[in-house]
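Enquirer: quick one: sequence plus predicted model below, questions after.
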Amino acid sequence: MSTLVEIRDVSKTYERGKQKVEVLHHVNLDIQKGDFLALMGPSGSGKTTLLNLIGGLDSPSGGSISVGGQRIDKLGGGALAKWRAANVGFIFQFYNLLPMLSAQKNVEVPLLLTALSAAERKRNAAIALQLVGLADRASHKPTELSGGQQQRVAIARAFVSDPSLLVCDEPTGDLDRQSAEEVLGLLQVLNREHGKTIIMVTHDPKAAEYAKQTLHLDKGTLVEQAAA
């Protein structure tokens, strides 16, 4: 198995007024292609910061981050946005669906950045919705869907452009247990059957059990690595 994400001596510092707050301290981490990794730790431990760095939503203050052999910490804003669109699918706690668009149109959104025709976008979105079990809800708007269904639409949107990496920030944090298990089972299918590398931030030990391995962050430092 080859390494997809390579993090070397990464630190992240934020400035709050005159105060500097170091959120991540010299983190080193390799994530293999095809892994399903859960990131756990108390609030403020740096989990989401690390996730955002890996997904190219933020840049480190020091150190290097390579994804698929590409040094993303060296990319400028425009190049980083293009890289994200081609390589990363994002799944958030609160779905981030566009309320005026149908499930179908929401899933199509990442494909608007590609050279696909309208017919190809529609077909690819339909396939993605079928995979998450929502082919019969394609014309429904988010308000007509349950929380679990909305998150499944968000998952379809995340993988419709066939990214190599899915980054998930508390993807079950707003769901009841049954909906959470459906969503986690779907992520497992994407990992095991479709080869997607998944990095998931979670507070929930039950959610972490779906991952292949769990890493713990505490005060910006990786403190433990346990194989599932």
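Expert: Right, received. Where do you want to start?

Enquirer: which of the residues in stretch 112-123 are buried?
Expert: Buried residues in stretch 112-123, counting neighbours by 16 or more other C-beta atoms under 10 Å, are found at 121, 122. Yep, even glycine has a C-beta here, placed from its N, CA and C like the rest.

Enquirer: sorry, slip of the keys, the one I care about is stretch 36-56.
Expert: Buried residues in stretch 36-56 (16+ other C-beta under 10 Å): 36-41, 45-56.

Enquirer: for stretch 64-71, same thing?
Expert: So, applying 16+ other C-beta under 10 Å, buried residues of stretch 64-71: 65, 66, 67, 68.

Enquirer: from the chain's centroid, how far away is it?
Expert: Here the centre of stretch 64-71 is set off from its chain's centre by 17 Å, with C-alpha atoms, centre = their mean, to the nearest Å.

Enquirer: quick one: residues in contact with that stretch.
Expert: For stretch 64-71, contacts defined as C-beta atoms under 8 Å, 6 or more residues apart in numbering pick out 4-10, 53-54, 56, 72-73, 83, 87, 164-165.

Enquirer: now the residues you listed: which count as buried?
Expert: 4-8, 10, 53-54, 56, 72-73, 83, 87, 164-165.

Enquirer: so which strand or helix has residue 64?
Expert: Residue 64 belongs to strand 62-67 when elements are defined using DSSP states H and E.

Enquirer: follow the chain on from that strand and name the next helix or strand.
Expert: By DSSP H and E, the next helix or strand past strand 62-67 is strand 70-71.

Enquirer: thanks again, I'm all set now.
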